[in-house]
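Asks: Quick one, structure for this:
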Amino acid sequence: MDSIQVSGADIVIVAIAVLWVGNRITGFVPFLSRYSIPIAVTGGLLCSLLVAAIGAVGGPQITFDLTIRDTLLMVFFTTIGVSAKFSRLLAGGKALGVLVACAAVFLVLQDVTGVLLAQAFGAHPGYGLFAGSVSLAGGHGTAIAWGKEATAAGLPHAEVAGIAFATFGLIAGGIVGGPIAEWLIKRNDLAPASSQDAAMTPIDSENKESYSLAMALRIMLVIAVCLSLGEVINRWLFANDIKLPGFLTAMLVAIVITNVADRSGKPLPGNTFDKVGEIALQLFLAMSLMSMDLSSLARSFGLITVVLMIQIVVITLFSVLVIFRIMGRDYEAAVIVGGFCGLGMGATPVAIANMSAVTRKYGPSFKAFLVIPLVGAFFVDLLNAMVIKFFISLPIIQQTPIAGG
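Replies: Numbers count the residues shown, from 1 in each chain. I've put the predicted structure just below:
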């Protein structure tokens, strides 16, 4: 047998097994729990290493059909939308605006670092963008989209480089976010504010319903309607040359539905939706990490590692010296730092996983779980596109000759 494709229910079984293994390893290895490394990162990375090893010794090539993974991402963001009450959005308005401004500055800094590194290694500075915000803050989707554009414009293998940096950036974002947040919490002796718990009580108490078949069907119906209407809206937007990711339109529909339900006096059970979202998130991350093709990235592993180490230093310094201070130097600021590291090096789900690992140990952080998903879902892609286009227009990118071109 030359190849094996894992798909359908099988990929769900493997993902659950990966999470179980990750959870067991985290329980046995104090370092992982001490620094809040997400279990999906531990189990997923181990699985991808095992798959690569099987292929390296002449075994079958194992691939994964990730169709269900993309659906899980939309389910997760739908549950985020259900939690986005207008009252909460207004409460986080100032913090949201500040974090958006910080994200814009960081994207520029990340690309400056990437371009300088490309020049230092004797490569075309355009490749530096793929060692910067195109692949790291942008993730796989942005890396693939811009990689095709760059390859067509004369940068060979730009798409492959983008995927490589996005893949290892995803791992890095899940590894460094928790430890940095932990260090800030312990160094500054931080804890959740008691007022936060009190402020959350009225909202939570409205949504505490005992389990029933009617409630389960209601939750499934809301999620299905959000996904369906989100797809309809997306098709209309695409027809009018407006391109938005599918998870974003599903989340927007969920925001409308949850606030209409509040106005009608029948609020949705937010706590239950949060649990559904946590399951979807963990499965999404497990599938993303266990399906990484590490063997195809082995040749460039050394260079990628050097670049990522420098980018990790950049985001660590920026998060600790800028984000933590501007966001208030308190417990919630520390949790936001953990999320921002996941967002800046990987993707929004990684940011949520980082924050979940920290808050599961130390306590809730309402502000962090409000502003980080909103910044990741609404603003980062838009800001990133503007920053990338700005850098592409610079003379250093336009006028530098391409080797072999």
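Asks: low-confidence ranges in the protein?
Replies: 1, 35-36, 87-92, 140-141, 144-145, 194-211, 243-245, 296-301, 377-378, 399-405 (pLDDT under 70).
Asks: which one's the longest helix in it?
Replies: Within the chain, and with DSSP state H defining each element, the longest helix by residue count is helix 158-187.
Asks: Run the chain-centre distance for it.
Replies: 10 Å (CA atoms, centre = their mean, to the nearest Å).
Asks: The residue lying closest to Ser319 once chain neighbours are set aside and Ala158: what is the separation?
Replies: Counting by CB to CB, 6 or more residues apart in numbering, Ser319 lies nearest to Val337, which is 4.5 Å off, once chain neighbours are set aside. The way it works is simple: take the backbone N, C-alpha and C, and place the C-beta from them, glycine included. Per CB to CB, to the nearest Å, Val337 is found 31 Å from Ala158.
Asks: These two: which is more packed in?
Replies: Set Val337 next to Ala158 and count neighbours by other CB atoms under 10 Å: Val337 wins out with 28 against 24.
Asks: Pull the contacting residues for the more buried one.
Replies: By CB atoms under 8 Å, 6 or more residues apart in numbering, the residues touching Val337 are Gly177, Ile180, Ala181, Leu184, Ser319, Val320, Ile323, Phe324, Met327.
Asks: Which helix or which strand is home to it?
Replies: Secondary structure assignment for Val337, by DSSP states H and E: helix 331-345.
Asks: Could you tell me the angle between that helix and helix 158-187?
Replies: Counting by axes from the mean of the first three to the mean of the last three CA atoms, to 10 degrees, helix 331-345 lies at 160 degrees to helix 158-187.
Asks: distance between helix 331-345 and the chain's centre?
Replies: The answer for helix 331-345 is 11 Å, by CA atoms, centre = their mean.
Asks: ok, now stretch 64-73?
Replies: Taking CA atoms, centre = their mean, one finds stretch 64-73 lying 15 Å from the centre of the chain it belongs to.
Asks: Dump it to PDB, restricted to CA.
Replies: C-alpha atoms of stretch 64-73 as PDB (Å, rounded to 0.1, in the frame of the first residue of the first chain):
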ATOM      1  CA  PHE A  64      -5.600  13.600   5.900                       C
ATOM      2  CA  ASP A  65      -8.800  14.900   4.300                       C
ATOM      3  CA  LEU A  66      -9.400  18.200   6.200                       C
ATOM      4  CA  THR A  67     -12.900  19.100   4.900                       C
ATOM      5  CA  ILE A  68     -14.400  18.500   8.300                       C
ATOM      6  CA  ARG A  69     -11.600  20.600   9.900                       C
ATOM      7  CA  ASP A  70     -12.800  23.700   8.100                       C
ATOM      8  CA  THR A  71     -16.400  23.100   9.200                       C
ATOM      9  CA  LEU A  72     -15.100  22.900  12.800                       C
ATOM     10  CA  LEU A  73     -13.400  26.200  12.500                       C
END
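Asks: buried stuff in stretch 271-282?
Replies: Neighbour-count burial for stretch 271-282, counted by 16 or more other CB atoms under 10 Å, picks out Thr272, Phe273, Asp274, Val276, Gly277, Glu278, Ala280, Leu281, Gln282.
Asks: same check, this time on stretch 114-125
Replies: By neighbour count on 16+ other CB under 10 Å, the buried set for stretch 114-125 is Gly114, Val115, Leu117, Ala118, Ala123, His124, Pro125.
Asks: again with stretch 241-258
Replies: Buried residues in stretch 241-258, counted by 16+ other CB under 10 Å: 244-255, 257-258.
Asks: Need the CA coordinates for it. CSV is fine.
Replies: What follows is stretch 241-258 as a C-alpha-only set of coordinates in CSV (Å, rounded to 0.1, in the frame of the first residue of the first chain):
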residue,chain,number,x,y,z
ASP,A,241,-16.1,40.8,-5.6
ILE,A,242,-16.0,41.1,-1.8
LYS,A,243,-14.0,38.3,-0.3
LEU,A,244,-14.4,37.4,3.3
PRO,A,245,-13.5,34.1,5.0
GLY,A,246,-16.5,31.8,5.6
PHE,A,247,-16.0,31.7,9.4
LEU,A,248,-16.3,35.5,9.6
THR,A,249,-19.8,35.6,7.9
ALA,A,250,-20.9,32.7,10.1
MET,A,251,-19.8,34.7,13.2
LEU,A,252,-21.5,37.8,12.0
VAL,A,253,-24.8,35.9,11.7
ALA,A,254,-24.3,34.5,15.2
ILE,A,255,-23.8,38.0,16.6
VAL,A,256,-27.1,39.2,15.1
ILE,A,257,-29.0,36.1,16.3
THR,A,258,-27.7,36.2,19.9
